[in-house]
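> With the sequence up front, the predicted model follows.
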Amino acid sequence: MRKIKIAITGCLGRMGQQLIRSTKQNRDFKLTALTENKKVSKKLSGIQLTLNSEKAFKSSNVIIDFTVPKCTLEVLKIASKLKKRVVIGTTGFNKKEENIIKNISKRIPILKAGNMSLGVNLLMYLTEIASKSLGSKFLTKVYEIHHKNKIDYPSGTALMLGKGIADGRKKNFYNLIGKKYLNKKSFPFGKKINFNSVRKGKVIGEHEVSFSSGKEIIKLNHESFDRALYSEGALIASKWLMRKKPGLYSMRDLLDFK
């Protein structure tokens, strides 16, 4: 079997470095390009770092992007022209940017996930089931913790879980977004979905969804201990995407959750 050629953007970041390690450890993949958003006269794994460009991505089968929204959209524009597949782990997109991604996916296969972990995607599925079963009489909230250097909040995973709540109720997620708190010791349940994001230490990721009727509370949670969860998930997504036609896919599609 031919190795899948991988390009990694944001290669000097936390996830970029982890993706390089995981790619090198997996015999199904070959690292062909490493990019950053500014010129760096440096080599990693024998590959010269470059800016995002057609030349950088030309020989790759899949581009894996864990950066920031502005960079991701730049990468997608190039990928669309070259007809390259893209796995997106970037979070923090606004509604307009989400629509741009959706439009580009009509031309190339894209798998986009706020979290590449099997466990987190199972948690989202269970959240949707719980939300559907419990109904709108239960108030909700989502709590998440990440390392102190994470900028965006709520996290992409927290928003995924919020969407799970909305989907369970067959409601538009954007209409159900409640208050967004940062570093609060406690925060209230709401008729809309309230979020609390804590940024501290080196925490890789903790997420919890809670439902309350006032008489009982149901909690669903997940805790990550190793960043390799996400890089290995991105590689699984890359391999899966090789067989797909243009479209916007998620880890749920990959895992075949009904």
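Received the coordinates, thanks. Numbering: from 1, shown residues only.

> for the record, mean pLDDT for stretch 229-239?
Averaged across stretch 229-239, the pLDDT comes to 94.

> Equivalent analysis for stretch 111-127, please.
Stretch 111-127 comes out at a mean pLDDT of 91.

> And stretch 81-99, by the same measure?
94.

> next one: it to chain centre, how far?
When distances are taken as Cα atoms, centre = their mean, to the nearest Å, stretch 81-99 is centred 10 Å away from the chain's centroid.

> Pull out the buried positions in that stretch.
Buried residues in stretch 81-99, counted by 16 or more other Cβ atoms under 10 Å: 84-93, 97. From N, CA and C alone the C-beta is placed, and that goes for glycine too.

> ditto for stretch 65-75
65-69, 71-75.

> ditto for stretch 180-200
For stretch 180-200, by 16+ other Cβ under 10 Å, it's 181, 187, 189, 192-199.

> just curious, which of these is nearest to residue 255?
Residue 255 has its nearest neighbour among the buried residues of stretch 180-200 in residue 193, at 23.5 Å by Cβ to Cβ.

> ok, the closest one to residue 58 distance?
Counting by Cβ to Cβ, to the nearest Å, the gap from residue 193 to residue 58 is 43 Å.

> just residue 119 next, same as before
36 Å.

> which secondary structure elements does the helix or strand hosting residue 24 contact?
Taking DSSP states H and E as the criterion, the element that holds residue 24 is helix 14-25. Contacts defined by 3 or more Cβ pairs under 8 Å, 6 or more residues apart in numbering; DSSP states H and E place helix 14-25 against strand 4-8, strand 29-36, helix 228-241.

> mind running it again at 6 Å?
Counting contacts by 3 or more Cβ pairs under 6 Å, 6 or more residues apart in numbering; DSSP states H and E, helix 14-25 is packed against strand 4-8, helix 228-241.
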